[in-house]
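A structural model of the following input is requested.
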Amino acid sequence: MGFFSFFSKDKKETLDKGLSKTKESVFGKIARAIAGKSKVDDEVLDNLEEVLITSDVGVETTLTIIKRIEERVAKDKYVNTEELNGILRDEIASLLTENNTADTEGYEIPEGKKPYVMMVVGVNGVGKTTTIGKLAYQFKKAGKSVYLGAADTFRAAAVEQLCIWGERVGVPVVKQQMGADPASVAYDTLSSAVAGGADVVIIDTAGRLHNKIGLMNELTKIKNVMKKVLPDAPHEVLLVLDGSTGQNAFEQAKQFTKATEVTAMAITKLDGTAKGGVVIGISDQFKIPVKYIGLGEGMEDLQAFNKKEFVDSLFGEGK
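Model prediction:
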C-alpha cells in the first residue's frame with residue numbers, strides 16, 4: 001500500500017470543506033430542477049443543463065454530460081430522478097478520467113529530472129505566488145531541496161512576496177533588481193540550483209495578460225534561456241487559475257494555452273466559491289491535467305488533485 005496510497009482524514013476534511021459551497025449550490029439547484037418529477041424526461045434534462053451551466057461547468061462540457069445522460073436514459077428505458085445523482089456522478093468521473101493524466105501525489109519528481117524545473121504562469125491576483133510558496137513547502141516537506149526564481153521583475157510586490165514565502169518555507173530565492181530581464185533571473189536561478197544540487201526549481205513569471213504576442217515572446221525567451229543551462233527545461237509549465245472567477249478562468253486558460261505550452265494547471269480559491277464546477281469544464285475543454293487545487297489559506301491547503309476524491313467529495317462516496 002505505502003504511505004501515499006491512502007487519503008488522509010485531514011486531507012479529506014479539507015477537500016470536503018473546500019468544496020462545500022459548490023456542493024450545496026449544485027445540489028440545491030438539482031433538487032429544484034427535479035422537484036415533483038418521478039422520472040428523467042426532457043424537462044428534467046433541460047433543467048439539469050441549466051444547473052450545470054450556471055455552476056460554471058461550461059456550455060460545451062455541459063452538453064457532453066447531458067448527451068451521455070440522454071444515452072443512459074434511452075438505454076435503461078426508465079430512470080427515476082433518485083438515480084440521477086448517481087448517473088451524473090458517474091459521467092463526471094468518466095469525463096475527468098478521460099481528460100486527465102493519472103493521479104499522482106503531486107510532489108514526486110520524475111526519474112532523471114534533477115533539478116525538476118517548473119515555470120509558473122498566470123495573471124496577477126489568481127494566487128500564483130502563494131501557490132509557488134505552498135508548492136515549495138510541500139516539496140521541502142517531501143525531503144526535496146528547492147530554489148525559487150523571482151522572474152516577475154515588473155512588480156516589486158511580486159518579488160517581495162516571493163522572498164517572504166522563501167523565508168517562511170526556508171528555501172533560497174534568486175532575484176535581481178526591479179525591471180531586470182526575467183530571462184536573466186531564470187538563468188541565474190537555474191545556474192545556482194544546478195551548482196547547489198537542488199531537486200526542484202520553481203520560476204515565477206510576470207502575471208500580465210498584455211497582448212498575446214508580447215506574452216508569448218517573453219515566456220519563450222525565458223524557456224530558451226533556461227535551456228542553455230538545462231536543455232530539457234522547463235519540465236513543467238503550470239498555469240494558475242482563480243476558480244472563484246468562473247468563466248473568466250476559462251478565458252485566461254484560453255489565452256495562456258495560446259501563448260505558451262501549458263502542461264499542467266492549478267485551480268485556486270475553490271473554498272470561497274460555489275464555482276467548483278469550473279474544474280470539470282476546464283479539465284474537459286483544455287485536455288490539460290489539473291494537478292493542484294487550492295482549498296484555503298493554510299500551507300497544507302494546496303492539494304494534489306485526485307479525480308476520484310474530488311467527485312466523491314461533490315457527490316458522496318461511489319459504489
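
which residues does Met197 contact?
Careful, residue 197 is Gly and not Met. Gly197 makes contact with Ser145 under the criterion CB atoms under 8 Å, 6 or more residues apart in numbering. Backbone N, C-alpha and C define where each C-beta goes, glycine included.

helix or strand for Val240, which one?
Here Val240, judged by DSSP states H and E, is contained in strand 236-242.

isn't Asn124 right next to Arg208, touching?
Yes - using CB atoms under 8 Å, Asn124 is in contact with Arg208, at 7.1 Å.

what's in contact with the strand holding Val240?
Contacts of strand 236-242 from elsewhere in the structure, counted by CB under 8 Å, 6+ apart, are 116-122, 125-128, 131, 248-249, 252-253, 256-257, 260-269, 278, 282, 288, 291-292.

List the strands paired with that strand, with their directions.
According to DSSP bridges, strand 236-242 forms sheet pairs with strand 116-121 (parallel), strand 264-268 (parallel).

got the contact list for the last one?
By that I understand strand 264-268. Counting by CB under 8 Å, 6+ apart, strand 264-268 makes contact with 126-127, 130-131, 236-243, 249, 253, 278-279, 282, 286, 288-294, 302, all of which sit outside it.

about what we covered before: next SSE after the strand holding Val240?
Beyond strand 236-242 in the direction of the C-terminus, DSSP H and E gives the next helix or strand as helix 247-259.

First-to-last residue distance for stretch 123-131?
In stretch 123-131, first residue to last residue: 13 Å (CA to CA, to the nearest Å).

got a list of contacts for that stretch?
Counting contacts by CB under 8 Å, 6+ apart, the residues outside stretch 123-131 that touch it are 120-122, 152, 155, 158, 161-162, 165, 204, 207-209, 238, 240-242, 245, 252, 266, 268-269, 292, 294, 302.

May I see the PyMOL selection of the buried members of these?
A single PyMOL command selects the buried members of the contacts of stretch 123-131 (16 or more other CB atoms under 10 Å):
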select buried, resi 120+121+122+152+158+161+162+165+204+207+209+238+240+241+242+245+252+266+268+269+292+294+302
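
quick one, the strand holding Val240 and helix 247-259 angle?
Here strand 236-242 points in a direction 160 degrees away from that of helix 247-259 (axes from the mean of the first three to the mean of the last three CA atoms, to 10 degrees).

Show me what the mean pLDDT comes to for strand 236-242.
In this model, strand 236-242 carries a mean pLDDT of 95.

do the same with stretch 14-28
Confidence for stretch 14-28, expressed as mean pLDDT, is 84.

Would you mind listing the buried residues in that stretch?
Along stretch 14-28, these residues count as buried under the neighbour rule (16+ other CB under 10 Å): 14-15, 18-19, 21-23, 25-26.

can you pull out the helices in the stretch 51-200 of the chain?
Ranges of helices within the stretch 51-200 of the chain are 59-76, 84-99, 128-141, 156-169, 182-195, based on DSSP state H, counting those that start in this stretch.

what bits of the stretch 201-319 of the chain have low per-residue confidence?
Along the stretch 201-319 of the chain, the model assigns pLDDT under 70 to residues 209-212, 317-319.

hmm, try it at 50
Within the stretch 201-319 of the chain, the stretches with pLDDT under 50 are 319.

residue ranges for the strands of it, please.
Counting by DSSP state E, counting those that start in this stretch, the stretch 201-319 of the chain has strands at residues 236-242, 264-268, 290-294, 302-304.

Show me what the last one is packed against.
Secondary structure elements in contact with strand 302-304, counted by 3 or more CB pairs under 8 Å, 6 or more residues apart in numbering; DSSP states H and E, are helix 9-18, helix 128-141, strand 290-294.

Next one: Ala264 from Glu236, what distance?
Distance check for Ala264 against Glu236: by CB to CB, to the nearest Å, it reads 6 Å.

Please apply the same query to Lys134.
Distance check for Lys134 against Glu236: by CB to CB, it reads 16 Å.

quick one: which of those two has more around it?
In this comparison of Lys134 against Glu236, neighbours counted by other CB atoms under 10 Å, the higher total goes to Lys134 at 24 against 17.

The closest residue to the more buried one other than its chain neighbours bridge partners, please.
Counting by CB to CB, 6 or more residues apart in numbering, Leu302 is the residue found nearest to Lys134 once chain neighbours are left out, at 3.9 Å. On the basis of DSSP bridges, Leu302 is bridged to Gly294.

Isn't Leu302 up against Ile132?
No - between Leu302 and Ile132 there is no contact under CB under 8 Å: 9.9 Å.

which residues do the two both contact?
With contacts taken as CB under 8 Å, 6+ apart, Leu302 and Ile132 have no neighbour in common.

can I have stretch 143-151 written out in PDB, keeping just the CAs?
What follows is stretch 143-151, C-alpha atoms only, in PDB (Å, rounded to 0.1, in the frame of the first residue of the first chain):
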ATOM      1  CA  GLY A 143      12.500  16.000   1.500                       C
ATOM      2  CA  LYS A 144      13.400  17.900  -1.600                       C
ATOM      3  CA  SER A 145      15.800  20.900  -1.800                       C
ATOM      4  CA  VAL A 146      14.000  23.800  -3.600                       C
ATOM      5  CA  TYR A 147      15.100  27.000  -5.300                       C
ATOM      6  CA  LEU A 148      12.700  29.800  -6.200                       C
ATOM      7  CA  GLY A 149      13.300  32.300  -9.100                       C
ATOM      8  CA  ALA A 150      11.700  35.800  -8.800                       C
ATOM      9  CA  ALA A 151      11.300  36.400 -12.600                       C
END
